[in-house]
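**Student:** Need coordinates for the following:
(2 chains)
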There are 2 protein chains.
Amino acid sequence: MNIHGQPHRSIEAEHATRSARIIDQTFLPHQVEWRELHTMEEAAESIRVMRVRGAPLIGATAAFGLFFALREDASDAALQKAYEVLHATRPTAINLRWALDRVKRVVEPLGSEQRADAAWEEALAICEADVATNHAIGRHGLELLRAIQAKKADPAAPMNVMTHCNAGWLATVDWGTAISPIYQAHDAGMNVHVWVSETRPRGQGASLTAFELKEHGVPYTLIVDNNAGHLLQRGLVDVVIVGTDRVTAHGDVANKIGTYLKALAAKAHDVPFYVATPVSTIDWTISDGIREIPIEQRSDREVTHMPGLNAAGVRDEVLITPAGTQARNDGFDVTPAALVTALVTEHGAVLATAAALRELRGLM
Amino acid sequence: MNIHGQPHRSIEAEHATRSARIIDQTFLPHQVEWRELHTMEEAAESIRVMRVRGAPLIGATAAFGLFFALREDASDAALQKAYEVLHATRPTAINLRWALDRVKRVVEPLGSEQRADAAWEEALAICEADVATNHAIGRHGLELLRAIQAKKADPAAPMNVMTHCNAGWLATVDWGTAISPIYQAHDAGMNVHVWVSETRPRGQGASLTAFELKEHGVPYTLIVDNNAGHLLQRGLVDVVIVGTDRVTAHGDVANKIGTYLKALAAKAHDVPFYVATPVSTIDWTISDGIREIPIEQRSDREVTHMPGLNAAGVRDEVLITPAGTQARNDGFDVTPAALVTALVTEHGAVLATAAALRELRGLM
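**Tutor:** Numbering: from 1, shown residues only, chains lettered A, B, ... in the order given. Predicted coordinates:
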C-alpha cells in the first residue's frame, strides 16, 4: 500500500544483490527507515526484535533468511542450523514454521549448488502468494461488511469497524489480513471508520495501524484498549475484525494480548467478531488452543517503559511506573472458537468449528 | 498509609493556617510533591487537572474548597458560585456533589460570620468519616478474601487479587476503597499478591497503585490492561476488586474506563467481581447506569501522549502515534449490576440489586 503516495511492500526483494529491504517497524510511526538484509543473522535479528512482525511477514522474512544461510553454506548441517535459529526467533507464530518448512521441502532434495537459487525463488513465491492471499481475504471480508451495512437502520451511516493490534499491510507483505477488507471497502467508496485500539504494551495499533490508515486516507479514531467494552456497549461498533498468529483445528485463535477481552465484549453485545486469517496460519496439529498454544513471555520493559517522540522530536522512552517495578508480559491470548463468528480466509468465510475447518482442509 | 516509612494522608489539614496540603499526584510515582491549597480556585484546579483524583478525595478537596470560598466571602451568592465552580470540575464523581451538599447544608442556615468556621469543621469531619468508612470497607472486604482463600485447593498459595485504576489510599483520604481489604489482608499476614492493571490512558495503576503497594510492601505485578482476560482464563486470578465513581440505585457501577472489560472476563470465568464503595457513592436518584450516568469525555492528548521519566531522570512526555492523530477518550464505563458479585460498603457486602440496595438505604 502507499507511503507518502508511493506504493510499497513491507518486504521488497532486491534482485541485483539478492538482498531484501524491510521497513524497520521499530521506527514507525515517526520515521520511515528502510533496512537491507543480507545475512541469516540479520533476518533472525529483525524478527526477534520485531523490526518485522505479523505472522505472514515473519514467515516471508524467515524464508529470505534461509536463502541467505544457504548462499553462505548449502550443506544439510547449515540448512538445519539456520532452520533452528530462525524457528527460535518467535515461539507463537505458526507461519514462521510454515514458511521455513516450505523452503526446506523445496531445497532438501536438491544438490547443494542448486539450493540457494531454489530458496531465493521460493522466498519470492511466498511473498507473491501472501499478496494474493491477503487480497482474497479482503474480497471475502468486504462481502461480510456489505452484508452488515445492508442490515443497518441507516445504510449511509459510517460502518464502524474495530480492530486490535496491527493486522494491516505492515504485518504481511501487502494488503494485510484484518485491514484488507477495510482497504477494499474504503476504495469501493464505503463510508468506513475504524476504531484503532492502541494495543499495549507495544502499541502496534497506535503506531502501525494508525500510520497505515492515515497514509491510505481511511478515517480512524485512536482509543485505549480499555475503551473497547464501552464503545461496544453503546452501539458504536458494527463489527470487530482482528488478525491471528495461530488458529487451531477446532477454531481457537491466538492473537495479540487483549484480543480475548474484545471477543468477550463483542459476544456480550451480539456484534460479529471476525478473525481474518490465511489458511497457512491454521495449525492442524492442535485442537485446544488454551492448552496447546505456547504463549510467548516478553520483557518487563515493554510494560514499564513507553517509547515515543519527545517534545524535541527525538525518539525517546519514558519510565511510567515506580523504578524497579516487576511486570508480567504475556504476548498473546487465546480466544475460544465459541466467541468467533467466523474465520475469513482466502477461500471465504468459514465457521470456527472443527467440522467446518475439516471441510475447508478437504477442499485444499 | 506510609510513604518512605512515614504515615500520611492524601489530604492533610494545616490547622495553623487553615489550609490543606495535598500530594500532587501528577508527579507520582517519580516524585512526592506536596502542594498547599489556600483558595477555592486552587482546590478547583487541583480537582480539574487531577492533582487529586478518586471520588472520596475529590469530595474532601471540594469541601475544603467551599471553606476557602466562604473565608473570602460568606454571602449566599458566593456560596452558590463556589458550589457551582467546584461541582463543574469533574462531571462523573457523585461524591463531589455529596460533599458539597453536606457542607452547604451545614452552613446555609448560619449567619455569615459563622459560616467559614462551620465549613472548616465540616471539611475535617468529612475527612475523618472517610478514613473510618474506608477502614470498615477493608474489614468487610477482608472477610470476603478469607472466604475465598478458605475455598482454595491450597489455602497457603498466594491469593491473587486483580484491581483496576487506583482505588487505594491516594484515591481517598486514607486506606482506599478497593485496596483497603488488601492492606488489611497483608497486615494480617495473608499471602496476598496484586495484579495491577496499568489503566490507560492516565496509567493510575502503573503509577499510583504500584507506588502505594510498593511503599507498603505488598507484593504486586504490573500488567497491561489487555492482559486481564488471559490471566482470568488461566486461573491466575482469585478475585477482582475495583472502586467506583458512582453506583446507581439498581447497582450499576461507573468506574474508570476498562472496568467493564474486566467484569465481563471475571463473569466468563466465574471469578468474584467486587466493587468497594462507600454508601455516599451510591446515587439514589438514578437506576439505569448506561442511560443515566454522564460519561466524561477527556482530552485526546491523554491517549496520544504518555508522560514518564526519561533516561536522564527528567519528567517528560512522548508522542506514541502519528502526529495529528484523532483520539476518543471516554473517562469511564458502566458495568451493569448483573456482572457485580457484590458491593462492599462500610456496612458490609450488599448484592448489586435494587432490592438489596433499598434495604441498605432503609438501615441508614
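
**Student:** Could you use CA atoms for every contact and neighbour count after this?
**Tutor:** Fine.

**Student:** Any residues of the stretch 101-250 of chain A in contact with chain B? List them.
**Tutor:** Within the stretch 101-250 of chain A, the positions lying close to chain B (CA under 8 Å from any CA of the partner chain) are A:199-201, A:203, A:206-207, A:210-211, A:220-230.

**Student:** tell me the contacts of A:H193?
**Tutor:** Residues near A:H193 by CA atoms under 8 Å, 6 or more residues apart in numbering or on different chains: A:P158, A:M159, A:N160, A:V161, A:V218, A:P219, A:Y220, A:T221.

**Student:** of those, closest to B:D316?
**Tutor:** B:D316 lies nearest to A:T221 out of the contacts of A:H193, by CA to CA, at 24.8 Å.

**Student:** Against which helices or strands is the helix or strand hosting the closest one packed?
**Tutor:** Per DSSP states H and E: A:T221 is located in strand A:220-223. Secondary-structure packing of strand A:220-223 (3 or more CA pairs under 8 Å, 6 or more residues apart in numbering or on different chains; DSSP states H and E): strand A:192-197, helix A:210-216.

**Student:** let's go with 6 Å and repeat that
**Tutor:** strand A:192-197 (3 or more CA pairs under 6 Å, 6 or more residues apart in numbering or on different chains; DSSP states H and E).

**Student:** Give me the next element, helix or strand, following the strand it packs on.
**Tutor:** Taking DSSP H and E, what comes next after strand A:192-197 is helix A:204.

**Student:** Looking at that following helix now, give me its mean pLDDT.
**Tutor:** Mean pLDDT, computed over helix A:204, is 94.

**Student:** so what's the closest residue to A:I11 other than its chain neighbours up against?
**Tutor:** Spatially, and ignoring its direct neighbours in sequence, A:I11 is nearest to A:I22 (4.6 Å; CA to CA, 6 or more residues apart in numbering or on different chains). Contact partners of A:I22, counting by CA atoms under 6 Å, 6 or more residues apart in numbering or on different chains, are A:S10, A:I11, A:W34, A:R35.

**Student:** how about a cut-off of 8 Å?
**Tutor:** Contacts for A:I22 (CA under 8 Å, 6+ apart) come out as A:S10, A:I11, A:E12, A:W34, A:R35, A:E36, A:L37, A:V52.

**Student:** again, but for A:V239
**Tutor:** Listed by CA under 8 Å, 6+ apart, the contact partners of A:V239 are A:I148, A:N160, A:V161, A:M162, A:V271, A:P272, A:F273, A:Y274.

**Student:** so where's chain A uncertain?
**Tutor:** Flagging of chain A using pLDDT under 70 yields the residue ranges A:92-93.

**Student:** thinking again about what came up before, of the contacts of A:H193, which is the most crowded?
**Tutor:** A:M159 (24 neighbours; other CA atoms under 10 Å in any protein chain shown).

**Student:** my guess is that residue meets A:V240, correct?
**Tutor:** No: contact criterion CA atoms under 8 Å: A:M159 and A:V240 do not qualify, at 11.0 Å.

**Student:** buried set for the lengthiest helix in chain A?
**Tutor:** With secondary structure taken from DSSP state H, chain A has its longest helix at helix A:112-150. Of all the residues in helix A:112-150, those buried under the rule 16 or more other CA atoms under 10 Å in any protein chain shown are A:112, A:115-120, A:122-124, A:126-127, A:130-131, A:133-142, A:144-145, A:148-149.

**Student:** so it versus strand A:192-197, what angle?
**Tutor:** If you take axes from the mean of the first three to the mean of the last three CA atoms, to 10 degrees, helix A:112-150 sits at 110 degrees to strand A:192-197.

**Student:** per the record, what domains does chain A have?
**Tutor:** A:2-129, A:136-363 (automatic domain parsing).

**Student:** quick one: A:V32 from A:I11, how far?
**Tutor:** Between A:V32 and A:I11 the computed distance is 13 Å (CA to CA, to the nearest Å).

**Student:** go on, A:K104?
**Tutor:** Distance from A:K104 to A:I11, by CA to CA: 20 Å.

**Student:** Please say which of those two ends up with more neighbours.
**Tutor:** A:I11 (26 against 21).

**Student:** Which residues are in contact with the more buried one?
**Tutor:** Taking CA under 8 Å, 6+ apart, we find A:I11 in contact with A:A20, A:R21, A:I22, A:I23, A:L57, A:A60, A:T61, A:V173.

**Student:** anything in stretch A:259-278 near chain B?
**Tutor:** Yes: judged by CA under 8 Å from any CA, stretch A:259-278 and chain B are in contact via A:T259, A:Y260, A:L261, A:K262, A:L264, A:A265.

**Student:** Secondary structure and neighbour count added to the residues you listed, as CSV?
**Tutor:** Below are these laid out as CSV (DSSP: H, G, I helix; E, B strand; the rest coil; neighbours: other CA atoms under 10 Å in any protein chain shown):
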residue, secondary structure, neighbour count
A:T259, helix, 27
A:Y260, helix, 27
A:L261, helix, 29
A:K262, helix, 29
A:L264, helix, 22
A:A265, helix, 24
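
**Student:** Dump the residues you listed to a markdown table, plus distance to B:A69.
**Tutor:** Listed next are the residues of stretch A:259-278 next to chain B as a markdown table, based on distance: CA to CA, whole Å:
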| residue | distance to B:A69 |
| --- | --- |
| A:T259 | 49 |
| A:Y260 | 50 |
| A:L261 | 46 |
| A:K262 | 47 |
| A:L264 | 48 |
| A:A265 | 46 |
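
**Student:** A:L309: which of these is nearest?
**Tutor:** A:T259 (26.8 Å).

**Student:** Next, count neighbours for the closest residue to chain B within the stretch 51-200 of chain A.
**Tutor:** Proximity of the stretch 51-200 of chain A to chain B (CA to the nearest CA) peaks at A:R200, 6.3 Å away. For A:R200, the neighbour count with other CA under 10 Å is 26.

**Student:** What residues does it make contact with?
**Tutor:** Contacts of A:R200 by CA under 8 Å, 6+ apart are A:D225, A:V303, B:V224, B:D225, B:N226.

**Student:** returning to that earlier point: what's the distance between the longest helix of chain A and the middle of its chain?
**Tutor:** 13 Å (CA atoms, centre = their mean, to the nearest Å).
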